[in-house]
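In: after the sequence you'll find the predicted model.
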Amino acid sequence: MLSNYNIIKILGQGGMGKVYLATHKTIHRKVAIKELLAEHAQNEHLRQRFRQEATLLGTLDHPYIIRLYDFIETPQKLYLVLEYTEGVSLEYLKQTKGKFSVNEIIEFFPKILQAISYAHTHHIIHRDLKPSNIMLEENTHIKILDFGIAKALQEEDNHLTRTGTRIGTIYYMSPEQIKGQEITPKSDIYALGVMLFELLIGYNPYENINSEYDISHKILHESLPLIRKINPEISDIFQKMIFRATAKNPKQRYQNAEEWLAEWEFLKENKQNKNTLLDVIGDGNTNENIDENEINNLFYPKKNANIELVIYENEDFEQIQKNTQNQNSIIENISLPESIILENTFGKITNKSLNFYQYKDLFEQGILTKLDLIDIQKIDIQTHREAGSGIFLLCVSMPFLLFSGYLFTILLFLLFFGVGLMCFLEFPLITIHLINQKKIKMKGWFYEYKDARIFVKKMNEIIKN
């Protein structure tokens, strides 16, 4: 394969390529060689993605991120020569042992945050954080893998990262990823929040849902299940972390990985407290009641009062919604009263929904239909001419000229001729793009163009915000 390396065995294989364990012939260093299969190496789009992974990894040098030693490109194949780790993926460990103990998570999860914080400060978003991309070594060190779809924050959008394209693993996608909107470091924060839930409980909250649409709908509309309801022995500390990391609104999440890391570090620093760490946060294996005031005093002391979170006990999510009136809440407030923002010929826009006339055409009002705003990706307006109808109406009007001696036929001629001419004017065509890739269209008359433009402008303002 490569003249400088001896291949020992295949470590893994997927639809795109293979990963080999190899040793350098001269220095005898073990490496992992990632190969893009020959049938894909001829695809320029995939070659560019492989090069991008090499470029981004080449800029990173962190003990918890897999290192790139070399990049080799030939006309037939491409290779990444990577640091080899003898660790095991968190996904494999989860499948073999189930949930992780709190003590285990407290040891390695902050290291994941350190690595992601480092990547973010180097203007790189991973975009596909999940347990299978994180290796855990015997000394509880971790290695983050697979920057194949990572994005450099300072690069201009291109065909690899264009807004409107969903990239990543859907189980860990943030609402903005589902909607194809701009990805930020807070999208990685969201993925880590889902991962923390999964490691504590032992399964992904969406893994038993077969429909991608249903998963997308839950990500957009529903918060993750309450972990205390699944396992009452897990401390609310972790519930707070998960709620904040997975807030629907990115502005309500941790502002960066460092902010979240500070909370974990504070927990670790208090291991020498009169109460041990497990006495305070619980290990998921005891039935000891936890004093929430004691937790709050330890986790959020007055000297760190800039951290503002709300404790939620074993309440239903409906009750949690009622408790989120405070603007500092970590759950996005979705229970505000519905109010009308705009209403015109094409429908009614509120702060929660869009009521529009589905199948609206020139001679049909359409069926009044309601959509939640969060189901809409974008809305645009185009113009068109009803040239076919115009030619037909002009042709129909001509025979009436043969009977121009009658007032009735003259009126019919003027009616059909006038409407036929109007068909050559510009008519508005509104297209609503849904997150499930479906499109809904509404047509209007030329004199409704102003209403259509206002309608589209207001909708896009709401979606953007």
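Out: That came in fine, so what should we check first?
In: how much space separates Lys248 from Lys179?
Out: 11 Å (C-beta to C-beta, to the nearest Å). Where C-beta positions appear, they are placed from N, C-alpha and C, glycine not excepted.
In: identify the contacts common to the two.
Out: When contacts are counted by C-beta atoms under 8 Å, 6 or more residues apart in numbering, Lys248 and Lys179 have 220, 374 as shared neighbours.
In: show the pLDDT at the residue lying closest to Ala247 once chain neighbours are set aside.
Out: Distances taken as C-beta to C-beta, 6 or more residues apart in numbering place Arg253 nearest to Ala247, at 4.9 Å, with adjacent residues excluded. Here, the pLDDT recorded for Arg253 equals 93.
In: do the one 10 residues further on as well
Out: At Glu263, the predicted lDDT confidence score is 87.
In: residues of the helix or strand where it lies that come out buried?
Out: Using DSSP states H and E, Glu263 maps to helix 257-269. Neighbour-count burial for helix 257-269 flags 257, 259-261, 263-264, 267 (criterion: 16 or more other C-beta atoms under 10 Å).
In: that helix packs against which elements?
Out: For helix 257-269, the helices and strands in contact under the criterion 3 or more C-beta pairs under 8 Å, 6 or more residues apart in numbering; DSSP states H and E are helix 102-121, helix 185-201, helix 236-245, helix 277-281, helix 292-299.
In: more neighbours, Lys248 and Lys179?
Out: The residue with the greater number of neighbours, taking Lys248 and Lys179 and applying other C-beta atoms under 10 Å, is Lys179; the counts read 24 against 20.
In: close enough to count as contact, that one and His217?
Out: No: Lys179 lies out of contact with His217 (C-beta atoms under 8 Å); the separation is 11.9 Å.
In: got CSV for the buried residues of helix 257-269, with distance to Phe108 too?
Out: Written out in CSV, the entries for these read as follows (distance: C-beta to C-beta, whole Å):
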residue, distance to Phe108
Ala257, 15
Glu259, 19
Trp260, 14
Leu261, 13
Glu263, 15
Trp264, 10
Leu267, 13
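In: ok, those residues vs Ser101, which is closest?
Out: Taking C-beta to C-beta as the measure, Leu267 is the one of those closest to Ser101, at 14.3 Å.
In: ok, the closest one to Leu199 distance?
Out: Per C-beta to C-beta, Leu267 is found 16 Å from Leu199.
In: ditto for Glu263
Out: The separation that Glu263 has from Leu199, given C-beta to C-beta, amounts to 16 Å.
In: list the contacts of Asp361.
Out: Counting by C-beta under 8 Å, 6+ apart, Asp361 touches Lys443.
In: ok so, going back, among the buried residues of helix 257-269, which two are most distant?
Out: Of all pairs drawn from the buried residues of helix 257-269, the widest gap by C-beta to C-beta lies between Ala257 and Leu267 and measures 15.8 Å.
In: shaky segments in the stretch 151-300 of the chain?
Out: Flagging of the stretch 151-300 of the chain using pLDDT under 70 yields the residue ranges 151-168, 269-300.
In: where do the strands sit along the stretch 1-150 of the chain?
Out: According to DSSP state E, counting those that start in this stretch, the stretch 1-150 of the chain carries its strands in the segments 5-13, 17-24, 30-36, 68-73, 78-83, 88-89, 124-125, 134-136, 142-144.
In: quick one: which of these is nearest Ser339?
Out: If you check each of the strands of the stretch 1-150 of the chain against Ser339 by C-beta to C-beta, strand 124-125 wins as the nearest, at 35.2 Å.
In: I'm done for today, thanks for sticking with me.
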